[in-house]
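A.B. asks: The amino acid sequence is not available; the structure is as follows:
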C-alpha cells in the first residue's frame with residue numbers, strides 16, 4: 001500500500017547546476033533505453049512499450065518535467081498526449097475507451113499529461129459519478145493496467161506534489177507573466193478551494209491503485225530543479241527494473257554517443 005503524500009518531504013532541493021548536470025546524464029540514459037526498446041540497438045529486438053503518466057495539482061510542474069523527459073528523444077520515438085475534458089462522443093463510451101488509441105504497442109512510448117485517473121479525481125470531486133461508481137472504476141483501472149502489463153507494457157505512474165502555498169505562489173506568477181496567462185483559468189482558481197476534497201480523493205486513489213504491476217511514485221515538486229531530476233531518474237529506475245524483470249538485458253549507456 002502506498003503511504004500517500006502526508007509523509008513526503010517537500011523541502012527537497014537541488015541547485016540549478018546539479019539539476020542540469022543530472023538531467024543531461026538522465027537524458028542520455030533515456031535515449032539509450034528508448035533506442036534499445038525500439039530495436040534500433042543491438043541485439044535489435046523490439047522491447048516492451050512504455051507508458052509514463054503524470055498527475056498532480058495544477059501548476060505542479062508537469063509540463064516542465066515532461067519537456068525534460070522527452071527533450072532528447074527523437075520526436076518519432078515518443079508521443080505526448082494531453083488529456084482534457086472528454087468530448088460528447090467519448091462520454092458515450094466506457095471511460096477508458098478514449099485512451100486506447102494512444103496506448104503504445106511493443107517498441108513504442110507514450111507520455112500522458114493527465115490520464116484515466118481523472119475518473120477518480122475530477123469526476124469524483126465534481127460529483128459527476130457516485131461513490132459506488134468511483135470504487136468500481138478504481139477496480140477497473142487496476143485490471144486495465146494489469147492487462148496492459150501482461151501484454152508487454154511498462155507503466156510508470158507519477159504524482160507531482162506541491163503545497164497549497166506553493167501552488168498559490170505559482171498561480172500569482174502566472175497571472176503576472178503575459179506569456180503564461182494561458183496556463184491560468186478561472187477553473188484553476190476554483191479548484192484551489194476544492195483541495196481538501198482532492199486530497200481525500202488522492203488518498204483513496206493511491207490506496208486502491210498502487211500495485212506491484214503499476215506502482216505510484218510520489219515526486220516532491222516544491223522545488224522544480226529537484227522534481228525534474230526525480231522524475232527522470234524515477235522513470236529510468238522503473239523502466240530498467242521492468243526490462244530486467246522481463247529478461248531483457250540492458251547494457252550500460254555509452255555517454256554522448258546516444259545524443260547524436
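C.D. replies: Yep, it's here. Computed from a predicted model, the values in this text were never measured in an experiment.
A.B. asks: what secondary structure does the residue nearest to residue 243 when sequence neighbours are not counted sit in?
C.D. replies: Spatial nearest neighbour of residue 243, chain neighbours left out: residue 250 (5.3 Å); criterion: Cβ to Cβ, 6 or more residues apart in numbering. (C-beta placed from N, C-alpha, C; glycine too.) Per DSSP: H, G, I helix; E, B strand; the rest coil, the secondary structure class of residue 250 is coil.
A.B. asks: give the contact list for residue 250.
C.D. replies: By Cβ atoms under 8 Å, 6 or more residues apart in numbering, residue 250 lies in contact with 33, 36, 240, 243-244.
A.B. asks: got TSV for those, with neighbour count too?
C.D. replies: Converted to TSV, the contacts of residue 250 look like this (neighbours: other Cβ atoms under 10 Å):
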residue	neighbour count
33	23
36	24
240	15
243	19
244	11
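A.B. asks: host element of residue 166?
C.D. replies: Under the criterion of DSSP states H and E, residue 166 resides in helix 164-176.
A.B. asks: Give me the residues contacting the following helix or strand past that helix.
C.D. replies: Next along the chain after helix 164-176, taking DSSP H and E as the criterion, comes helix 186-192. Here helix 186-192 makes contact (Cβ under 8 Å, 6+ apart) with 58-59, 164, 167-168, 171, 198.
A.B. asks: Return the member of the contacts of residue 250 nearest to residue 142.
C.D. replies: Set against residue 142, the nearest of these by Cβ to Cβ is residue 243 (22.5 Å).
A.B. asks: Check whether that closest one sits in a helix, strand or coil.
C.D. replies: Here residue 243 is helix, with the state taken from three-state DSSP.
A.B. asks: rewinding a little: who wins on neighbours among the contacts of helix 186-192?
C.D. replies: Of the contacts of helix 186-192, residue 59 is surrounded by the most neighbours, 23 neighbours in total, counting by other Cβ atoms under 10 Å.
A.B. asks: these two touch, right, that residue and residue 172?
C.D. replies: No - with contacts counted by Cβ atoms under 8 Å, residue 59 stays clear of residue 172, the gap being 10.1 Å.
A.B. asks: what's the neighbour count on residue 178?
C.D. replies: 6.
A.B. asks: now it: how far from residue 184?
C.D. replies: Residue 178 sits 11 Å away from residue 184, taking Cβ to Cβ, to the nearest Å as the criterion.
A.B. asks: pretty sure residue 106 belongs to a strand, no?
C.D. replies: No - judged by three-state DSSP, residue 106 forms no part of a strand; its state is coil.
A.B. asks: For it, list the residues it contacts.
C.D. replies: Counting by Cβ under 8 Å, 6+ apart, residue 106 has contacts 46-49, 152.
A.B. asks: Columns secondary structure, neighbour count and pLDDT on top of these, output as TSV?
C.D. replies: Below are the contacts of residue 106 laid out as TSV (DSSP: H, G, I helix; E, B strand; the rest coil; neighbours: other Cβ atoms under 10 Å; pLDDT from 0 to 100):
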residue	secondary structure	neighbour count	pLDDT
46	coil	15	97
47	coil	22	97
48	coil	22	97
49	strand	20	98
152	coil	15	96
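A.B. asks: List the buried residues in stretch 43-56.
C.D. replies: 47-56 (16 or more other Cβ atoms under 10 Å).
A.B. asks: Please apply the same query to stretch 241-249.
C.D. replies: Buried residues in stretch 241-249, defined by neighbour count with 16+ other Cβ under 10 Å: 242-243.
A.B. asks: just stretch 125-141 next, same as before
C.D. replies: Applying a neighbour-count criterion of 16+ other Cβ under 10 Å, the buried positions in stretch 125-141 are 125, 134, 137-138, 140-141.
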